[in-house]
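Novice: build me a structure from this.
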Amino acid sequence: MQAQDVSFADFGVRPEIVQALADSGITHPFPIQAMTLPVALQGHDIIGQAKTGTGKTLGFGVPLLHRVVAPGEPGYDELPAPGRPQALVVAPTRELAVQVANDLATASKKRSVRIAQIYGGRAYEPQIEMLNNGVEVVVGTPGRMVDLLNQGHLNLTRAATVVLDEADEMLDLGFLPDVEKILSRTPAVRHTMLFSATMPGPVVSMARRYMSQPTHIRAAEPDDDGATVKNTRQVVYRAHALDKVEVLARLLQAEGRGRSIVFARTKRTAAKVSDELRDRGFAAGAIHGDLGQGAREQALRAFRHGHIDVLVATDVAARGIDVEDVTHVVNYQCPEDERTYLHRIGRTGRAGKQGTAVTFVDWDDVPRWQLIDRTLNLGFPEPVETYSSSPHLFSDLSIPEGTKGRLPKDQRKLAGLEAEELEDLGETGKRTSSSGGQRDGGRRDGGRRDGGARGDRGGSRSGEGSRGSARGERPATASGPASDTPQAGGGEQGERRRRSRNRRRTRGGRPVEGGASAPQAPSEG
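Specialist: All right, here's what the predicted structure looks like:
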C-alpha cells in the first residue's frame, strides 16, 4: 500500500520533518499523502477525500508544518506578529484533536514548533496561558475555539494555513456554523485544506464558499472501488438483544484477537456493556459523553498502553482513535447510517493491516441495516440469525470450541484502567467518580453544546463539553464541583437525585421557614 519508490524527502519537505518522521519509522508516504504533498506544498487549496485509516493526517500535517516558521528559525523575528498562530486545524471531536496534535508533534520534534490543543472539558486557564505565551499551530474543536475567539484570547488574523479535518462529521454534529465563524476570523488570502471521508452536499457548498479553486484529490487503491477498506473483513449477524453480551464475550476470545473497540449508539449502553465485560473478567474501559475528559483520556491511555484491550465507545470515538493493531471492531448496536458504519469499522484494517468488523443487527434494526447495506453495496441484506451457541459463530470468527461467556482467570493478565492515573484536568463540565473513572454524575448544561445532545452521538458534542463555563455557569467551589446539579433526563441516578432534592414548603401560599428538611414550628392561633 505504500509507495516504496517515493520518500518524503523526494517532495522537498524540510529535512527536520523528514528526519523526525524517519525516527518514528515513517519514511514512505501513503497514497493520499503522495497525492496531496506536491499540490499542498505549492499552496493550492485542497479537498482531500480518502477512506478513514489511510493517512490523511500527515497528508495535511506535513505541508502545514513545512510552511510554519518556528522560534529560532530564520525569518521568525521578521514575522508581522511572532507568536500568533500561523496555522489552524479544526476537528469535530476532542479525541481527534488530541490525535492530530500528537501526530503534528511527532513530525515537528526536531523543531521548536509550539502546538496548542484547544478543546472543551479541560480548564480554560492553561489554554489561555499557552496562547498568551505564543504558539505556531492551534489544533482544536469548534466550540472552544469560538469561545476563545469571543473572549479575545484566540487571534487568527495570521493563520495563513487552515485545515478542516473530518468535515462530514462536523456537519453531522451541527458544527458548520461555528466553522464558518472561525473561517471568517482568518485572513481572506489563506491556504485552506479540507479533508473528509465522504462529501455530502453542505460540505461541498462550504468548500465552494471558502476555498479558491481547490484541487479535489481522491485516493483509492487501483483494485478497490468499494466504499470500505478492503483489508477489513466484515461479518454481520442478526442477534437477540438479551444474548448480545454473551455473543460479544465469546467473540472477544477469538484466536488472534488483539485490541478491540465495541461501538454502542447510546451512553447508557456503552457504560452497561463496559461494566458487564469487566464483571466477566475482561480488561475493558469506556468512552462516552457522560464521562469527564479526565476519565475519557484515562481510558484512551490505558487502551494505547495495553492496560486494557477492549474499549467500549459511543460514536464520539469513531473519529480520533488511531491506535495500532486494533484487530476487531464490533458494532454492538447497528449504526445510524452508512457514514457512521464506515467510520466505526475504519478503526481497524488501518495502514495496510488486516482487521475484522462484526455488526450485530437487532430485529427492529433490520430495515436500517438493509439501507446501509444497499447504499454501500456490502452484500449482507439478510444478516444470518446468530446466537451465542450457534456453530457458525465459532467457525466464522475462529473462536475455540467450548468457549464460554467469561474470561478464564488464567487469561486475565492485563492491569486494567487502574494502571493509568485519573488526571485532574480542572474540568469545566463533568464530574468523575473514583471507581476507575467510569461513572459520572453528569450535569445540566442548559445548552446544546454539550455531550448529551443529538440523541447521544456518543456525547456527540464531545469537543464542546466546556461551553457552560464560558456562559457563566456556577464554578466549582470547595463545597463541590459545578456538576453537582442533576442532569435532565439523567436516568435512575438523576431520578433519585430529583426525588431526594429538598423542596421549599409553603402553607396557605406562604413559605414555611426551615424547608422540607427542618421540623415545622406549630402554627399560631
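Novice: for Ala219, see how far away Pro31 is.
Specialist: Going from Pro31 to Ala219 by Cβ to Cβ, to the nearest Å gives 4 Å. Every residue, glycine included, has its C-beta placed from N, CA and C.
Novice: same check, this time on His343
Specialist: For His343 relative to Ala219 (Cβ to Cβ), the value is 17 Å.
Novice: just checking, Ile32 is part of a helix?
Specialist: Yes: assigned with DSSP: H, G, I helix; E, B strand; the rest coil, Ile32 falls within a helix.
Novice: got a list of what it touches?
Specialist: Contact partners of Ile32, counting by Cβ atoms under 8 Å, 6 or more residues apart in numbering, are Gly48, Ala50, Thr54, Gly55, Lys56, Gly59, Ile217, Ala219.
Novice: distance check, it against Gly48.
Specialist: Distance, Ile32 to Gly48, by Cβ to Cβ: 6 Å.
Novice: can you list residues touching both of these two?
Specialist: With contacts taken as Cβ under 8 Å, 6+ apart, Ile32 and Gly48 have Lys56, Gly59, Ile217, Ala219 as neighbours in common.
Novice: tell me the pLDDT of Pro200.
Specialist: Looking at Pro200, its pLDDT reads 84.
Novice: surely it touches Asp168?
Specialist: Yes: Pro200 lies in contact with Asp168 (Cβ atoms under 8 Å); the separation is 5.8 Å.
Novice: the two: who's more crowded?
Specialist: Asp168 (21 against 13; other Cβ atoms under 10 Å).
Novice: what is the helix or strand hosting the more buried one packed up against?
Specialist: Asp168 is part of helix 167-172, with elements assigned from DSSP states H and E. Judged by 3 or more Cβ pairs under 8 Å, 6 or more residues apart in numbering; DSSP states H and E, helix 167-172 is in contact with helix 176-184, strand 191-196, helix 201-210, helix 338-345.
Novice: reformat those as TSV; add mean neighbour count and distance to Ala241.
Specialist: Converted to TSV, these look like this (neighbours: other Cβ atoms under 10 Å; distance: least, Cβ to Cβ, whole Å):
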stretch	mean neighbour count	distance to Ala241
helix 176-184	17	35
strand 191-196	24	34
helix 201-210	14	35
helix 338-345	23	19
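Novice: looking at those, which is nearest to Leu21?
Specialist: Relative to Leu21, the nearest member of these by Cβ to Cβ is strand 191-196, separated by 18.6 Å.
Novice: okay, and which of the shared contacts of Ile32 and Gly48 map to helices?
Specialist: Among the shared contacts of Ile32 and Gly48, the members found in helices (DSSP state H) are Lys56, Gly59.
Novice: the shared contacts of Ile32 and Gly48: which two are farthest apart?
Specialist: Using Cβ to Cβ, the shared contacts of Ile32 and Gly48 span at most 10.2 Å, a distance reached by Lys56 and Ile217.
Novice: where does this protein dip in pLDDT?
Specialist: Scanning the chain with the threshold set as pLDDT under 70 gives 1-4, 51-54, 220-229, 316-322, 351-352, 427-525.
Novice: how's it carved up into domains?
Specialist: 8-219, 232-419 (automatic domain parsing).
Novice: related to what we said a few turns ago, and Arg14, which of the helices and strands packed on helix 167-172 is closest to it?
Specialist: With respect to Arg14, and counting by Cβ to Cβ, the nearest of the helices and strands packed on helix 167-172 is strand 191-196 at 16.1 Å.
Novice: pull up the pairing partners for that closest one, direction included.
Specialist: Strand pairing for strand 191-196, determined by DSSP bridges: strand 46-50 (parallel), strand 161-165 (parallel).
Novice: let me have the ones you listed in JSON lines, adding distance to Arg250 and mean neighbour count as columns.
Specialist: Formatted as JSON lines, these follow (distance: least, Cβ to Cβ, whole Å; neighbours: other Cβ atoms under 10 Å):
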{"stretch": "strand 46-50", "distance to Arg250": "35", "mean neighbour count": "23"}
{"stretch": "strand 161-165", "distance to Arg250": "37", "mean neighbour count": "26"}
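Novice: can I get these in a markdown table including distance to Leu393?
Specialist: Shown next, in a markdown table, are the strands paired with strand 191-196 (distance: least, Cβ to Cβ, whole Å):
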| stretch | distance to Leu393 |
| --- | --- |
| strand 46-50 | 33 |
| strand 161-165 | 37 |
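Novice: quick one: closest of the ones you listed to Gly174.
Specialist: For Gly174, the closest of those is strand 161-165, at 14.9 Å, according to Cβ to Cβ.
Novice: mind saving the C-alpha coords of the closest one as PDB?
Specialist: This file holds the C-alpha atoms of strand 161-165, laid out as PDB (Å, rounded to 0.1, in the frame of the first residue of the first chain):
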ATOM      1  CA  THR A 161      -2.900  27.800   6.700                       C
ATOM      2  CA  VAL A 162      -6.300  26.400   7.800                       C
ATOM      3  CA  VAL A 163      -7.300  22.700   7.800                       C
ATOM      4  CA  LEU A 164     -10.800  21.300   8.300                       C
ATOM      5  CA  ASP A 165     -10.500  17.700   9.300                       C
END
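Novice: which residues touch Arg339?
Specialist: Asp168, Asp172, Ala197, Thr198.
Novice: Ile261 too?
Specialist: Going by Cβ under 8 Å, 6+ apart, Ile261 touches 310-313, 317, 321, 326, 328-330, 344, 347-348.
Novice: highest neighbour count among those?
Specialist: Busiest of those [other Cβ under 10 Å] is Val312, holding 32 neighbours.
Novice: show me what it is bridged to.
Specialist: With DSSP bridges as the rule, Val312 is bridged to Val262, Ala286.
Novice: was I right about it contacting Val262?
Specialist: Yes: applying Cβ under 8 Å, one finds Val312 in contact with Val262, separated by 4.6 Å.
Novice: quick one: end-to-end length of stretch 25-33, please.
Specialist: Using Cα to Cα, to the nearest Å, the end-to-end distance of stretch 25-33 comes to 16 Å.
Novice: can you give me the buried ones in it?
Specialist: Under the neighbour-count criterion of 16 or more other Cβ atoms under 10 Å, stretch 25-33 has Ile26, His28, Pro29, Phe30, Pro31, Ile32, Gln33 buried.
Novice: which one of those residues sits closest to Glu420?
Specialist: Nearest member of those to Glu420, counting by Cβ to Cβ, is Ile26, at 26.3 Å.
Novice: hmm, the closest one is touching Leu58, no?
Specialist: Yes: assessed by Cβ under 8 Å, Ile26 is found in contact with Leu58 at 7.4 Å.
Novice: name the element Val89 belongs to?
Specialist: Here Val89 sits within strand 87-90, counting by DSSP H and E.
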